[in-house]
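1. Sequence and predicted structure are below.
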Amino acid sequence: DTGVSQNPRHKITKRGQNVTFRCDPISEHNRLYWYRQTLGQGPEFLTYFQNEAQLEKSRLLSDRFSAERPKGSFSTLEIQRTEQGDSAMYLCASSLGGAGRGYTFGSGTRLTVV
Amino acid sequence: LAKTTQPISMDSYEGQEVNITCSHNNIATNDYITWYQQFPSQGPRFIIQGYKTKVTNEVASLFIPADRKSSTLSLPRVSLSDTAVYYCLVGLGMDSSYKLIFGSGTRLLVRP
């Protein structure tokens, strides 16, 4: 098992374009999370899935953001009509059960909107 | 979830012991204290978690006084590779929570 994998590692896009990121969690983990991190700040919670069900969405997740986890395996995070304020590191994490020591983050996708 | 306060930055030298203190005055009875480490261009990594007194693992020690209103992460004999941001989080324990609330963390710089 190679941990939580995120692709792409870097994405540069023009304002107004749509982007999609992928996260492959640790295979036996039933929970999957998305976080966003801007420069100099800690990660901020966006949403989480238990298996294929999306159980919570942060108010940070505007209507332009959508996340899916079909079949409870990998997940995608799509941002439509990107804005410069969307530039950030998008982190995915997974866990088996609660969010304590079993919470494993990926290396993130760095999005730059120009 | 209890708010945490920790120093914005700290400097140290290789081989020294580093202690990072976190204040969490409003910690609840069921809350655990967890520390994460984050290197540039990587996601945070779990270091240690505790509820009271002292916890030690191969990486660090965590000291929690009886009133639990603060905690101290201790890194023995730091090396250059310990340069990172360290986050103190307070919330429910391993099996009860799902969301992590990060502050801005402490940027530790280890110098040769």
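-> That came in fine, so what should we check first? Everything numeric in this text was worked out from a predicted model, so none of it was measured. Numbering: from 1, shown residues only, chains lettered A, B, ... in the order given.

2. so what does the helix or strand bottoming out on mean pLDDT in chain B touch, helix or strand wise?
-> Lowest by mean pLDDT, DSSP states H and E among the helices and strands of chain B is strand B:84-92, with a mean of 90. Secondary-structure packing of strand B:84-92 (3 or more Cβ pairs under 8 Å, 6 or more residues apart in numbering or on different chains; DSSP states H and E): strand B:18-23, strand B:31-38, strand B:70-75, strand B:106-111. (C-beta placed from N, C-alpha, C; glycine too.)

3. what's downstream of the longest one, the next helix or strand?
-> The one in question is strand B:31-38. With elements assigned by DSSP states H and E, the helix or strand that comes after strand B:31-38 is strand B:45-50.

4. For beta bridges, what are the partners of the most centrally placed residue in chain B?
-> In chain B, the centroid-proximal residue (Cα atoms, centre = their mean) is B:Trp35; its distance is 3.4 Å. Counting by DSSP bridges, B:Trp35 forms beta bridges with B:Ile48, B:Cys88.

5. That one contacts B:Leu73, correct?
-> Yes - with contact defined as Cβ atoms under 8 Å, B:Trp35 counts as touching B:Leu73 (5.0 Å).

6. anything in contact with each of those two?
-> Counting by Cβ atoms under 8 Å, 6 or more residues apart in numbering or on different chains, the shared contacts of B:Trp35 and B:Leu73 are B:Cys22, B:Ile47, B:Ile48, B:Ala60, B:Leu62, B:Tyr86, B:Cys88.

7. pLDDT weak spots in chain B?
-> By pLDDT under 70, the low-scoring segments of chain B are B:1-2, B:92-97.

8. Please repeat the previous calculation with a cut-off of 90.
-> Applying pLDDT under 90 to chain B flags the ranges B:1-3, B:28-32, B:41, B:90-104.

9. Take the shared contacts of B:Trp35 and B:Leu73 and lay them out in a markdown table including neighbour count.
-> Putting the shared contacts of B:Trp35 and B:Leu73 into a markdown table (neighbours: other Cβ atoms under 10 Å in any protein chain shown) gives the following:
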| residue | neighbour count |
| --- | --- |
| B:Cys22 | 25 |
| B:Ile47 | 19 |
| B:Ile48 | 21 |
| B:Ala60 | 19 |
| B:Leu62 | 23 |
| B:Tyr86 | 24 |
| B:Cys88 | 25 |
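
10. Direction included, what does the helix or strand harbouring A:Met89 pair up with?
-> Under the criterion of DSSP H and E, A:Met89 resides in strand A:88-95. The pairing partners recorded for strand A:88-95 under DSSP bridges are strand A:31-37 (antiparallel), strand A:104-105 (antiparallel), strand A:109-113 (antiparallel).

11. Using a markdown table, lay out these together with mean neighbour count, distance to B:Met10 and mean pLDDT.
-> Output for those, formatted as a markdown table (neighbours: other Cβ atoms under 10 Å in any protein chain shown; distance: least, Cβ to Cβ, whole Å; pLDDT from 0 to 100):
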| stretch | mean neighbour count | distance to B:Met10 | mean pLDDT |
| --- | --- | --- | --- |
| strand A:31-37 | 24 | 21 | 95 |
| strand A:104-105 | 22 | 23 | 92 |
| strand A:109-113 | 18 | 26 | 98 |
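
12. looking at the ones you listed, which is closest to A:Lys71?
-> When the strands paired with strand A:88-95 are compared by Cβ to Cβ, strand A:31-37 sits nearest A:Lys71, at 11.9 Å.

13. Can you pull out the residues in contact with the closest one?
-> With Cβ under 8 Å, 6+ apart, strand A:31-37 has contacts from A:23, A:25, A:43-50, A:60, A:67, A:69, A:75, A:77, A:88-97, A:99, A:103, A:105, A:108, B:98-100.
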